[in-house]
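Engineer: turn this into a model:
(chains A and B)
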Number of protein chains: 2
Amino acid sequence: MFYLVGLGLGDAKDITMKGLEIVRKSHTVYLEAYTSVLSVGKDVLEKFYGREVVLADREAVEHGAEEMLREAVDRDVVLLVVGDPFGATTHSDLILRARALGISCQVVHNASILTAVGCCGLQLYSFGETVSIVFWTETWNPESFYDKITRNRSMGLHTLCLLDIKMKEQTVENMMRGRRIFEPPRFMSVRRAAEQLLDIVQRRREQGDGNLGKHDLTENTICVGLARVGATDQQLAAGPLAAFIQADLGPPLHSLIVTGHLHPLEWDMLSQHALPGCNRPEPCEDHKKRSSMTNTEA
Amino acid sequence: MFYLVGLGLGDAKDITMKGLEIVRKSHTVYLEAYTSVLSVGKDVLEKFYGREVVLADREAVEHGAEEMLREAVDRDVVLLVVGDPFGATTHSDLILRARALGISCQVVHNASILTAVGCCGLQLYSFGETVSIVFWTETWNPESFYDKITRNRSMGLHTLCLLDIKMKEQTVENMMRGRRIFEPPRFMSVRRAAEQLLDIVQRRREQGDGNLGKHDLTENTICVGLARVGATDQQLAAGPLAAFIQADLGPPLHSLIVTGHLHPLEWDMLSQHALPGCNRPEPCEDHKKRSSMTNTEA
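Structural biologist: This next block holds a predicted model:
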């Protein structure tokens, strides 16, 4: 049997009872080695589970996981993954491979950042498509997330922006010399995401001869920064995009939400975490009916 | 302290270790009396927790929860809710009330149907706005969810349809006589949702002189039915909308997904659960670039 068990938001005790029972009875326990997104280390998990935990390289998981699956043919094998097994990243491929080998699979779900962001008070059924904001490089400055955010806003919808994580980066020199030496992992902060978004706002304004579309994200759009969601030192901050240039939400992981139309109750929740300059926006005429529609349908 | 603890997908063992510790140390344990959406009864939870569990009427929770909060001023009180505390329904109001009374709050997240539906293999970042499909009555046949589905499809996005749950319904006679006698709860099945959607398809076709828009949902649109997600008897089925008229996915809870543009890996996963007539749709020219964009950004 092959088990895919979600670890939730990153603390050892975020595992479910069902997940823990599987971990304790399985022959081998693998942990997807994306461990720096856990708030605790492998050793803490091992102590808590009372089991040895084997780090499974993420590349290995994505490109085969052959050893793991071979073992699962006649033994119980579990792969632990942060969040929900089908959350921000997909493990479909692994399931398909296992089934092709005739191996039964069981999934144990858990909390994912995709829904846990609801803790800021924005209603999850008022979110549009999720976007990812990637680290810009000297030569690669993609802007497609900006257009998706604007499209969501034109429908009155909020946008969850997942912020880039860079693991196993190599310097050009180390890569050229074939040295498997990796740089420390980098996590995009809300501040960095805000800087990139403000750069795009400026570019778009220049392209539009000083004008932006009615629903375009601007310096004044209310955004929500979230850090270490679910942990005891979780931090939330709400304010205009420009205010996040000054905001330090501390260690990773960070996420950013760009709001669309705000329901009064949503505003009440956000104002509990208001940064300077966080003033209630004028509701857009186009979306006034969202507040009532949402209530009828929910 | 006031704790809001998510129970996840409905089995007693879906609670997290963190949640269970809170339940065991708290003075009073309330359960939002939406219990028929749990796959187990209150007694099973009580036995598993080794604690008495007090049913909290949902109306009471939504309109005050005064007793509960008064108690939380100087004691540890926990409210258990199915799914994630901020999942399909919002508990923001309760948090605001508690804070207004100077009560500290802690939230323990858990799996929600909003992300657990990823188990069917559709990528969660390819979903647009979530919709709710309500039971039609003789006099009330809303169609707004159809337009939202079409709008999501026009962007190549999938739509999660949350299906209606009717609790505490009264017959007209009982209501008139002021008798607090309630009908058994009703849960919308995938079949019923498909019937309503097909009715709308027919109406819209009549309104359009036999034609529908390019991205409109039709009888042939590939949909996914999900039942009892996360439970051992979970059931998934993929096929054209019309095929769900014949499909019986068993006891509640059910959810329905209307697909947008399908990535090849998504199709591979869906075809594991194919109903008759589940043929791979021609990819729409408008969204061909989604497959590559998604991979770059994720």
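Engineer: partner residues bridging the residue lying closest to A:Pro281 once chain neighbours are set aside?
Structural biologist: Nearest-residue entry for A:Pro281: A:Ile222, 5.9 Å, with adjacent residues in sequence omitted and distances by CB to CB, 6 or more residues apart in numbering or on different chains. Just so you know, the C-beta spots here come from the backbone N, C-alpha and C atoms, and that holds for glycine as well. On the basis of DSSP bridges, A:Ile222 takes part in beta bridges with A:Pro240.
Engineer: show me what contacts A:Ile222?
Structural biologist: A:Ile222 is in contact with A:238-240, A:259, A:262, A:270, A:278, A:281, counting by CB atoms under 8 Å, 6 or more residues apart in numbering or on different chains.
Engineer: what do you get for A:Glu46?
Structural biologist: Remark: with contacts taken as CB under 8 Å, 6+ apart, A:Glu46 is in contact with A:52-53.
Engineer: name the helix or strand for it, please.
Structural biologist: With secondary structure defined by DSSP states H and E, A:Glu46 is part of helix A:42-49.
Engineer: just the CA atoms of that helix, as CSV, please.
Structural biologist: Listed next in CSV are the C-alpha coordinates belonging to helix A:42-49 (Å, rounded to 0.1, in the frame of the first residue of the first chain):
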residue,chain,number,x,y,z
LYS,A,42,13.1,16.2,10.3
ASP,A,43,14.4,15.4,13.8
VAL,A,44,11.4,17.0,15.5
LEU,A,45,9.1,14.9,13.3
GLU,A,46,11.1,11.7,14.1
LYS,A,47,10.9,12.4,17.8
PHE,A,48,7.2,13.1,17.7
TYR,A,49,6.4,10.0,15.5
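Engineer: tell me which residues in that helix are buried?
Structural biologist: Within helix A:42-49, the residues that count as buried by 16 or more other CB atoms under 10 Å in any protein chain shown are A:42, A:45, A:48-49.
Engineer: now find how far off-centre that helix is within its chain.
Structural biologist: Offset of helix A:42-49 from its chain centre (CA atoms, centre = their mean, to the nearest Å): 24 Å.
Engineer: before we move on, what about stretch A:163-183?
Structural biologist: Relative to the mean C-alpha coordinate of its chain, stretch A:163-183 is positioned 22 Å out (CA atoms, centre = their mean).
Engineer: name the residues of that stretch that are buried.
Structural biologist: With burial defined by 16+ other CB under 10 Å, the residues of stretch A:163-183 counted as buried are A:163-165, A:167.
Engineer: before we move on, what about stretch A:227-244?
Structural biologist: So stretch A:227-244, judged by 16+ other CB under 10 Å, has buried residues A:227-231, A:234-244.
Engineer: end to end on it, go ahead and measure it.
Structural biologist: The first and final residues of stretch A:227-244 sit 13 Å from each other (CA to CA, to the nearest Å).
Engineer: circling back: tell me which of the buried residues of stretch A:163-183 fall in strands.
Structural biologist: Taking DSSP state E, the ones among these that sit in strands are A:163, A:165.
Engineer: filter the buried residues of stretch A:163-183 by proximity to chain B?
Structural biologist: When contact is defined as CB under 8 Å from any CB of the partner chain, the buried residues of stretch A:163-183 do not meet chain B at all.
Engineer: of all the buried residues of stretch A:163-183, which two lie farthest apart?
Structural biologist: Between all members of the buried residues of stretch A:163-183, the longest pairwise span (CB to CB) is found for A:Leu163 and A:Met167 and amounts to 13.6 Å.
Engineer: packing partners for the longest helix along chain A?
Structural biologist: Ranked by number of residues, the top helix in chain A under DSSP state H is helix A:190-207. When contacts are defined as 3 or more CB pairs under 8 Å, 6 or more residues apart in numbering or on different chains; DSSP states H and E, helix A:190-207 packs onto strand A:131-133, helix A:144-154, strand A:159-163, strand A:222-227, strand A:254-258.
Engineer: can we see that at 7 Å?
Structural biologist: Helices and strands touching helix A:190-207, as assessed by 3 or more CB pairs under 7 Å, 6 or more residues apart in numbering or on different chains; DSSP states H and E, comprise strand A:254-258.
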